[in-house]
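Undergrad: Structure of the sequence below:
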Amino acid sequence: MLKRRDRDNTTLHPPLPLPPIKSSSTALSAISLLNWKCLNLVYGVYDISGTPSLIADGNSSSPLCGNDLLWLYDLYYSKVKKSLQTTNDDESTNQMNIGRHHPSLSPLYSNLSHMPPALLSVGTADPLLDDSLFMANKYSAFGNHVELAIYEGGEHGLGHFGVQEDEEMGIRARTHTLDFMKEYLQSE
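TA: Numbering: from 1, shown residues only. Sure thing, here's the model as predicted:
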């Protein structure tokens, strides 16, 4: 069970038990198998090599800047590499040369066939802007329905945390997300 800590204590029940999720790519693959009706992908990381907007951001964004995210990507990638080096089974030994563009680490490079409709939301002041733009393009190129909501001046966390959570833009982002999800979840 999931609990919203910041709203009305509504309890949410996932439609099925979820398999262990070790990466964004694994999550997207699992979703296609679960027959989910829609996805809400908000200011996500889809390429751990760093997209142009993330690299160009440097230290300028709040609450999370491009340099912070690059540091986190490096930390994550080094842990993955170390884990693969300490594993002795044949399958992982063959994957020891896994790169940052490997689909299990960067879902932008995954096969996105047969995915449910998705809403990608991001602000123009978010260092992850290009991640969302590139993912929306790739999602669509695989023939999936995708809607891209871009919020002018929106920072990372728009509508969910940070200073813009309860401002007009944050409220508009949450309302749009709920409307999108209701369209697919109530269409039976």
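
Undergrad: hey, let's count contacts and neighbours off CA atoms from now on
TA: Will do.

Undergrad: tell me the contacts of the residue nearest to the spatial centre of the chain?
TA: Centrality entry for the chain: nearest residue to the mean C-alpha point is Gly44, 3.0 Å, by Cα atoms, centre = their mean. Contact analysis of Gly44 by Cα atoms under 8 Å, 6 or more residues apart in numbering lists Leu128, Asp131, Ser132.

Undergrad: from what I can see the last one touches Leu119, true?
TA: No: shown here, Ser132 and Leu119 do not form a contact pair, counting by Cα atoms under 8 Å, at 10.0 Å.

Undergrad: which one of those two has more residues nearby?
TA: Taking other Cα atoms under 10 Å, Ser132 and Leu119 do not tie; Ser132 has more neighbours (26 against 20).

Undergrad: can I get the contacts of Gly44 in TSV with distance to Ile171?
TA: Below are these laid out as TSV (distance: Cα to Cα, whole Å):
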residue	distance to Ile171
Leu128	20
Asp131	23
Ser132	20
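
Undergrad: nearest to Glu165, of those residues?
TA: Leu128 (17.3 Å; Cα to Cα).

Undergrad: wait, what's in contact with that closest one?
TA: By Cα under 8 Å, 6+ apart, the neighbours of Leu128 are Tyr43, Gly44, Val45, Thr51, Ser53, Leu54, Val122, His156.

Undergrad: tell me which residues in the longest helix along the chain are buried?
TA: Secondary structure of the chain per DSSP state H: the longest helix is helix 66-86. For helix 66-86, burial by neighbour count (16 or more other Cα atoms under 10 Å) applies to Gly66, Asn67, Leu69, Leu70, Tyr73, Tyr77, Leu84.
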